[in-house]
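Enquirer: sharing a model that was predicted from the sequence below.
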Amino acid sequence: MLVLGSKYNFTELELIRLNKQLNSPISNIPVYMRPDKDVIDEIKTYLASGESKVIVLNLRQAPSNALIKFLTHIELQGIKYYTFDHFMEKILHKCFVPDNDLDHLSFLEEVSHFSKFQYLQKRIFDITAILTLFIFTWPVLLFAAYRVKKESPGPVFFRQSRIGLNGKPFMCAKFRSMHVNSHFDPYTQKNDTRIFPFGNFMRKTRIDELPQMWNVLVGEMHFIGPRAEWDILVQGYEKAIPYYSERHIVCPGITGWAQVHYPYGQNEEDTRQKLMYDLYYIKHWNLIVEFQTVWKTIEVVLGRKGL
């Protein structure tokens, strides 16, 4: 695959996925402030090597007329090229989020609230999924409550204000996985001493999320949706990340498209990456995507990846 330009830097995880999916090494040709002839000659050299027949336009500015003419010409010869936004959605299954809110203003056109019919489908799916999950997990709920009490004195549940539909806060319930009165830090680290042993196991297997079944039943959450984030963190994210509040046009979920495609985040860049997956989920929602997310969640839980 040949990438023209450097508007977006692929993550290490994306490079691994692309190499596996396209079965081709990834090459890059810089374009910014370079003569069209130099860029076109370099593309010709690359194509002559027979490495790949896919070109991605990762450009910070609109391509020149000469470059457009050349790309149109080679397309007739079987060379496929993608605009970067199209490539992100079709191949990586995420929506590109620009670095600033003055760039790419058409970005929001197809990201909207679920229709009444979509919401009805979601609600039926939610109730069916939660009741089924409860039937299979009620012994786990009882055992988890027992182990939390045994390993760490204090309440079984941890309740915290999270941001839900249309930016409205609600109280989200989880099994407590940290010792009571642990020092404040919004992100957990590897081998975090605040987390007791069974709490660590619950986090990796998502057992700590099971009490949120109640939030789903009362309509505060979906079974699948963007992660319900702490209101204090959301305030910072909305200031730092353009379009972040768009994820709140749907209810948050116990699991979600972002959670099963990207590891646990520890900074704003990780949050921006997850936002791209959240917006793809909202934009392209259908029951197939819903069941794909369920299947990937099962893989994550069984693999104890704790994404």
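Expert: On my side now, so go ahead. Numbers count the residues shown, from 1 in each chain.

Enquirer: and whichever strand or helix holds residue 74, which residues are buried?
Expert: Using DSSP states H and E, residue 74 maps to helix 65-75. If you call a residue buried by 16 or more other CB atoms under 10 Å, then helix 65-75 has these buried ones: 67, 70-71, 74. For every residue, glycine as well, the C-beta is placed using N, CA and C.

Enquirer: quick one: it to chain centroid distance?
Expert: Relative to the chain's own centre, helix 65-75 is displaced by 34 Å; criterion: CA atoms, centre = their mean, to the nearest Å.

Enquirer: can you dump the C-alpha atoms of that helix in PDB for me?
Expert: C-alpha atoms of helix 65-75 as PDB (Å, rounded to 0.1, in the frame of the first residue of the first chain):
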ATOM      1  CA  ASN A  65      -4.800  19.300 -10.700                       C
ATOM      2  CA  ALA A  66      -1.700  17.500 -12.000                       C
ATOM      3  CA  LEU A  67      -1.900  14.900  -9.300                       C
ATOM      4  CA  ILE A  68      -5.600  14.300  -9.800                       C
ATOM      5  CA  LYS A  69      -5.100  13.900 -13.500                       C
ATOM      6  CA  PHE A  70      -2.300  11.400 -12.900                       C
ATOM      7  CA  LEU A  71      -4.400   9.400 -10.400                       C
ATOM      8  CA  THR A  72      -7.400   9.300 -12.700                       C
ATOM      9  CA  HIS A  73      -5.100   8.000 -15.500                       C
ATOM     10  CA  ILE A  74      -3.600   5.200 -13.500                       C
ATOM     11  CA  GLU A  75      -7.000   4.200 -12.100                       C
END
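
Enquirer: if we can go back for a sec, hmm, which two among the buried residues of helix 65-75 are most spread apart?
Expert: 67 and 74 (10.9 Å; CB to CB).

Enquirer: give me the neighbour count for residue 277.
Expert: Using other CB atoms under 10 Å, the number of residues around residue 277 comes to 22.

Enquirer: secondary structure class for it?
Expert: Following DSSP: H, G, I helix; E, B strand; the rest coil, the label given to residue 277 is helix.

Enquirer: that one and residue 247 touch, don't they?
Expert: No. Assessed by CB atoms under 8 Å, residue 277 is found out of contact with residue 247, at 9.9 Å.

Enquirer: what sits opposite the closest residue to residue 224 other than its chain neighbours in the beta ladder?
Expert: Distance criterion CB to CB, 6 or more residues apart in numbering; nearest residue to residue 224, sequence neighbours excluded, is residue 253 at 4.5 Å. For residue 253, the beta-bridge partners under DSSP bridges are residue 222, residue 227.

Enquirer: got the contact list for residue 253?
Expert: By CB atoms under 8 Å, 6 or more residues apart in numbering, residue 253 lies in contact with 221-228.

Enquirer: pLDDT score for it?
Expert: You'll see residue 253 listed with a pLDDT of 97.
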